[in-house]
Each structure stands twice: as C-alpha cells, then as structure tokens.
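Chemist: Structure of the sequence below:
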Amino acid sequence: MTHKKHIQVWDLPVRIGHWAVVILVLIAFLSGDEEYKIHLYAGYAIFGVILSRLVWGFTGSKHARFTNFLYPPAQAFQYIKDLTQGVPRYYVGHNPAAGWMALFLLIMTFLVSVSGHIAYKYEGQELSVQEFTFVTNAYADSDEHDEAKYEDEFWEDIHEGAAFTLLFLIFLHVTGAILSSVCHRENLIKAMITGTKEKKS
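Modeler: Residues are numbered from 1 along each chain as shown. Next up is the predicted model:
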C-alpha cells in the first residue's frame, strides 16, 4: 500500500482570511440595506481582513507572498489558453491566472468596503469608533444637505457597481478553481481548507 505524500502550501492566516472573507461577503450581500447594522459591521470586518491579507502578502510564508504568485500577464493569459485546451502547466501555489484573480478580488473587495463606508457616512449611519454606536449626522442648511445627498447617491452607485463586479469576479474565481481542479486532478477547495496538496511526481 502506497501512502500519498502531501506538501504544505497555504498557511493558517491565508486560509482563515480566505474563508472569513467568503463568510463575511455572504453576510454583507444577504443583509444589504434591510439590515444595515449587520451589513455595516460585516463591511468593517471585511476591510480589516483585507488589510491583514495585504500585509501578509509581503511578510507571510512563501506561497502567501505576492512575489510568489504574481506572474507576468502573458503567463496568465497563456495559462488560461492552456486551461481551455485541457493542458495547463501545474503550479504548487496559485497559478498565474489565479494569482491575478486573487489580486483583483482583494482590490475590488477593498473598493466595496471603502465605498460602502463613505456612502453610509453621507447617509448619517457611520459607525462611531469612540462610542461603538451608530450616529446620525445633522446638516446646517439645505445647500449642505443637497450636496450631501448628491455625494450619498454617487458613492452608493460606486458601492453597488463594485459589489456586482465583485460577484462577477467571484463567479470567475470559482469557475477557474473547478476547471483547474479537474485538469490537475486535485481538490483546490479542500486544499484551501487543509492547506496541503498532494505532491506531484
């Protein structure tokens, strides 16, 4: 009986951050404007996780670092081309396409969080760090109120557009992970849970 050899790929902070964002984004989308407090708390939590992942991308373990999986764009396109033909090159960590997708997801999630914070600020539902409560802003006159309303609508549009773009990127990310799993005969979802992959000969 032969024993399969496994190698450690993704460390604990990467895995915790990955699944934390998955859960928090799901909560944020399900809560929406109907449960704005839950939505807002989820947004702040996502922002914190994303900042942590950005830092870990420079200071973390080998496969967590951006320098390990951000290949030249040409290699990413080549990988996608090879993937559609069923003959993609194998990478222990993120493949070139997945690496750029990870970066795009980080950037878009960051944009969703920041735009949401600004939009809620103009609505008067900003989270007060000092009191850890929600406060309502008062406007001095109608001109300031009209300006705030314009800014509110602008950032709401940015927030909504970024959120739907994020959904599209998530769809591409999941689709790519499934296709890569099939082509390389490995379970990438399980690998992101355990942190290990079966060693390829």
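
Chemist: quick one, helices of this protein?
Modeler: Taking DSSP state H as the criterion, the chain carries its helices at 12-31, 36-59, 66-69, 73-84, 96-123, 142-184, 188-194.

Chemist: most packed of those helices?
Modeler: Among the helices of the chain, helix 96-123 has the highest mean neighbour count (mean count of other C-beta atoms under 10 Å), at a mean of 20. Using the backbone N, CA and C atoms, a C-beta is placed for each residue, glycine as well.

Chemist: For it, name the packing helices and strands.
Modeler: Contacts defined by 3 or more C-beta pairs under 8 Å, 6 or more residues apart in numbering; DSSP states H and E place helix 96-123 against helix 36-59, helix 66-69, helix 73-84, helix 142-184.

Chemist: tell me the mean pLDDT for the second one?
Modeler: Right, helix 66-69. Helix 66-69 comes out with an average pLDDT of 94.

Chemist: Next, work out how far apart residue 185 and residue 167 are.
Modeler: Relative to residue 167, residue 185 is positioned 29 Å away (C-beta to C-beta, to the nearest Å).

Chemist: low-confidence ranges in this structure?
Modeler: Counting by pLDDT under 70, the chain contains low-confidence ranges at 1-4, 33-34, 122-152, 201.

Chemist: mind redoing it with 90?
Modeler: 1-7, 30-40, 84, 86, 116-157, 198-201 (pLDDT under 90).

Chemist: Please tabulate the helices of the chain in JSON lines, including the columns distance to residue 6.
Modeler: Below are the helices of the chain laid out as JSON lines (distance: least, C-beta to C-beta, whole Å):
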{"stretch": "helix 12-31", "distance to residue 6": "15"}
{"stretch": "helix 36-59", "distance to residue 6": "22"}
{"stretch": "helix 66-69", "distance to residue 6": "19"}
{"stretch": "helix 73-84", "distance to residue 6": "24"}
{"stretch": "helix 96-123", "distance to residue 6": "20"}
{"stretch": "helix 142-184", "distance to residue 6": "15"}
{"stretch": "helix 188-194", "distance to residue 6": "8"}
